[in-house]
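In: what's the 3D shape of this:
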Amino acid sequence: MSGTEEGREIVKMLNDKGQGVVTTVATEYGHKIYEKIGLGHLCIQGRLDIRELSEFIREKNIVTLIDATHPYATQVSLNAIKASEESNIKYIRFQRSASVTEDGDLGKTSLEKQRFVHVVKDMDEAVGWCRKSDKKRILLTTGFSAAEKFVKLKDEKEIYIRILPMSTHIEACVDMGIKPSNILALQGPFSLELNKAIYNQYKIDVVVTKDSGKTGGVPEKMQSAREAGIDIVIIKREEIDYPVECSSIDEVFCLLGMG
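Out: Predicted structure coming up:
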């Protein structure tokens, strides 16, 4: 199950090794990426609940489920764990390392020294922080799912959102009340220089992001925010007790007996 860069890499490596592999993605955009890299025939698009995923496992004779979904797709992971248990198959979670947590790369002491960093527990707390703050121009880099939560601030703050270039998401943001001129429909990765240019161009006061790790571009967001002299609100990950968890692709292949 993959909607991430690492997931695609795992699928490619399994296919190159001649393993029987099939992958699922939630969106048409994700499916098109697989088509672009020549693996569209291995990819099935659609959001599966526990029952549908269990049926899929049975129909495809799946023996191992590798969960390489986004760190914030918690319900998807919970469904995968449950379906794997019910189907009595092996479950492996690939979880990219976080950039900022109390035990993360920066460490608690370093975070305390970096006053521009504000770590919150969830999206609602991020909205609350922005509402109470005197910051007026907010850039959301948390994806389309955050729009509905933050749009309630549109009469108090100037909301900008950076999302994938998907027409359905752009239209939905406009329908919610986000100005078309405030929608940045772009595909990452985003360099330090590009982030800073965006902050300067739109006179951003605060950036909101999920802690999606190095692959998610969080270090670049943090450094660019620091250099631009603006605040960054980082939403922590929800903790899940994964049955088996790996933090590297090499670990995944070791568990598969291919290390």
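In: pLDDT below threshold where in this structure?
Out: Residues of the chain meeting the criterion pLDDT under 70: 99-114.
In: can you give me the helices for it?
Out: 5-16, 28-36, 50-59, 74-87, 107-113, 123-132, 147-150, 167-176, 192-201, 218-228, 249-255 (DSSP state H).
In: need the contact list for Lys82.
Out: Ile50 (CB atoms under 8 Å, 6 or more residues apart in numbering). Where C-beta positions appear, they are placed from N, C-alpha and C, glycine not excepted.
In: no wait, Glu86
Out: Residues in contact with Glu86 (CB under 8 Å, 6+ apart) are 50, 54.
In: rewinding a little: among the helices of the chain, which is nearest Thr141?
Out: Among those, the nearest to Thr141 by CB to CB is helix 218-228 (6.5 Å).
In: which strands and helices sit next to that closest one?
Out: For helix 218-228, the packing partners by 3 or more CB pairs under 8 Å, 6 or more residues apart in numbering; DSSP states H and E come out as helix 192-201, strand 206-210, strand 231-235.
In: quick check: domain ranges of the protein?
Out: If you go by automatic domain parsing, the domain ranges for the chain are 5-97+239-255, 107-235.
In: Deepest-packed of the helices and strands packed on helix 218-228, please.
Out: Of all the helices and strands packed on helix 218-228, strand 206-210 has the most neighbours on average by mean count of other CB atoms under 10 Å, namely a mean of 25.
In: tell me the contacts of Asn256?
Out: To be clear, residue 256 is Leu; Asn isn't right here. Counting by CB under 8 Å, 6+ apart, Leu256 makes contact with 64, 92.
In: where does the residue nearest in space to the middle of the chain fall, phi/psi-wise?
Out: For the chain, His70 is the residue whose C-alpha lies nearest the centre (CA atoms, centre = their mean; 4.5 Å). For His70, the backbone dihedrals (degrees, to the nearest 10) come out as phi -60, psi 140.
In: quick one: it from Lys210, how far?
Out: His70 sits 9 Å away from Lys210, going by CB to CB, to the nearest Å.
In: Cool, thanks, signing off.
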